[in-house]
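Participant: Got a sequence here, can you model it:
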Amino acid sequence: MLGYEPSNVMTPRSLISSGRRWLSKKDSGLKRSGEEEMKRLGMGALLAVSRGSQEPARLIVMSYEPGGDGDGSARSELIALVGKGITFDSGGISIKPAAKMET
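Facilitator: The predicted structure is shown next:
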């Protein structure tokens, strides 16, 4: 399971590779944006976090859009699920004041 992989194993590139394996159906897709597109989109906070890594930042959008019920009719209802994949240690201990870091 991806959630148990350490950040040095589950890098943005590894997450993209895993996503491609999962999304092998014709009704699914994966779009990845590199740092230049992320800058253009104004994603400064995400890019700032990634500066602490040797891995380049990536924004990954995985989608599944079924075409209907197989008889050519359009789907009648849209359901969207949104999640996130974090490929770094987000524990936050290093942002606490040094004097109280251990507590």
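Participant: Tell me where the longest helix sits in this protein.
Facilitator: helix 12-22 (DSSP state H).
Participant: could I have that helix exported to CSV, CA atoms only?
Facilitator: Only the C-alpha atoms of helix 12-22 are listed here, as CSV (Å, rounded to 0.1, in the frame of the first residue of the first chain):
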residue,chain,number,x,y,z
PRO,A,12,6.7,12.1,-7.0
ARG,A,13,8.1,10.0,-9.9
SER,A,14,7.2,6.8,-8.1
LEU,A,15,3.7,8.0,-7.5
ILE,A,16,3.3,8.8,-11.2
SER,A,17,4.5,5.3,-12.1
SER,A,18,2.1,3.7,-9.7
GLY,A,19,-0.7,5.9,-11.0
ARG,A,20,-0.1,4.8,-14.5
ARG,A,21,-0.3,1.1,-13.5
TRP,A,22,-3.6,1.7,-11.8
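Participant: Flag every buried residue along it.
Facilitator: Neighbour-count burial for helix 12-22, counted by 16 or more other Cβ atoms under 10 Å, picks out 12, 15, 19. Where C-beta positions appear, they are placed from N, C-alpha and C, glycine not excepted.
Participant: So which other helices or strands are in contact with it?
Facilitator: For helix 12-22, the packing partners by 3 or more Cβ pairs under 8 Å, 6 or more residues apart in numbering; DSSP states H and E come out as strand 28-33, strand 59-64.
Participant: can you redo those as TSV with distance to V49?
Facilitator: As requested, those are exported to TSV (distance: least, Cβ to Cβ, whole Å):
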stretch	distance to V49
strand 28-33	15
strand 59-64	12
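Participant: Of those strands, which is nearest Y4?
Facilitator: Closest to Y4 of the helices and strands packed on helix 12-22 is strand 59-64 (Cβ to Cβ; 19.0 Å).
Participant: neighbouring strands for that closest one, and are they parallel or not?
Facilitator: strand 28-33 (antiparallel) (DSSP bridges).
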